[in-house]
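Colleague: this is a predicted model, with the sequence first.
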Amino acid sequence: MDWEVLADFAFDQMGGAQNTVMQPMDNTAVPGEAPVVVTSARGRDEWTNGTLVLTTHRLMYVKEGKPGVAVPLAGVTDVALGTSRLSGNVVKVTAISGAHSWENVADGPAFVARLREAVVDAALREQQASPTAAPPTEPARGAGGGSAILDGLERLATLHRAGALTDEEFAAAKRRLIES
């Protein structure tokens, strides 16, 4: 799947199939990347809504005539939902790439729940892709793969403390990590 397909999907979902993206953020999609959920949102200092597209690997904000914003889920450290009288639902995402926020997010609580699930899934995917054995020059620090499980638990605990995971999401992710 490439960028144009993801953008077309987003615009179709939002009812504006005739829109075009002026400056794509990335012409390549990660193998296996697929859209998860799409919603309407407005960037700070904007008067009209664009589209937030959550895929299995990143969160993207697209708006006609504006450069797109892509946030890799593996770099997300915090997801928060707030509300205001003027801006409605406000989604704030803190990532390695910086802080991002969007206002007037349609169905904000459901979108944030799906975003948090996707962040956990990305963290688990990253954990499974990393090597689990210690290098041969170093002694192993525990039973086979034990250090990988501890590293995964530490990352989940960090996400939980930061508020990116609810208690239920943390418990489920911890259970999946330990059982794998």
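Modeller: Here it is on my side, so go on.
Colleague: packing partners of the helix or strand hosting Arg42?
Modeller: Assigned by DSSP states H and E, Arg42 falls within strand 35-43. Strand 35-43 sits against helix 3-14, strand 50-55, strand 98-103, helix 108-129, with contacts defined as 3 or more Cβ pairs under 8 Å, 6 or more residues apart in numbering; DSSP states H and E. For every residue, glycine as well, the C-beta is placed using N, CA and C.
Colleague: now that strand: mean pLDDT?
Modeller: The pLDDT scores in strand 35-43 average 89.
Colleague: now stretch 152-164
Modeller: The model assigns stretch 152-164 a mean pLDDT of 75.
Colleague: list the contacts of that stretch.
Modeller: Stretch 152-164 is contacted from outside by 76-80, 94, 116, 119-120, 123-124, 127, 165, 167, 170, 173-174, 177-178, using Cβ atoms under 8 Å, 6 or more residues apart in numbering.
Colleague: any quick PyMOL command for the buried ones out of these?
Modeller: In PyMOL syntax, the buried subset of the contacts of stretch 152-164 is picked out as below (16 or more other Cβ atoms under 10 Å):
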select buried, resi 76+78+79+94+116+119+120+123+124+127+165+170+173+174+177
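Colleague: buried ones in stretch 108-118?
Modeller: For stretch 108-118, burial by neighbour count (16+ other Cβ under 10 Å) applies to 108, 111-113, 115-118.
Colleague: meant to ask about stretch 31-49
Modeller: By 16+ other Cβ under 10 Å, the buried positions in stretch 31-49 come out as 35-43, 49.
Colleague: could I get those as a markdown table with distance to Val71?
Modeller: Shown next, in a markdown table, are the buried residues of stretch 31-49 (distance: Cβ to Cβ, whole Å):
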| residue | distance to Val71 |
| --- | --- |
| Pro35 | 15 |
| Val36 | 14 |
| Val37 | 15 |
| Val38 | 15 |
| Thr39 | 15 |
| Ser40 | 17 |
| Ala41 | 13 |
| Arg42 | 17 |
| Gly43 | 13 |
| Asn49 | 18 |
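Colleague: for those residues, which one is nearest Thr56?
Modeller: When those are compared for distance to Thr56 (Cβ to Cβ), Val36 wins out at 6.1 Å.
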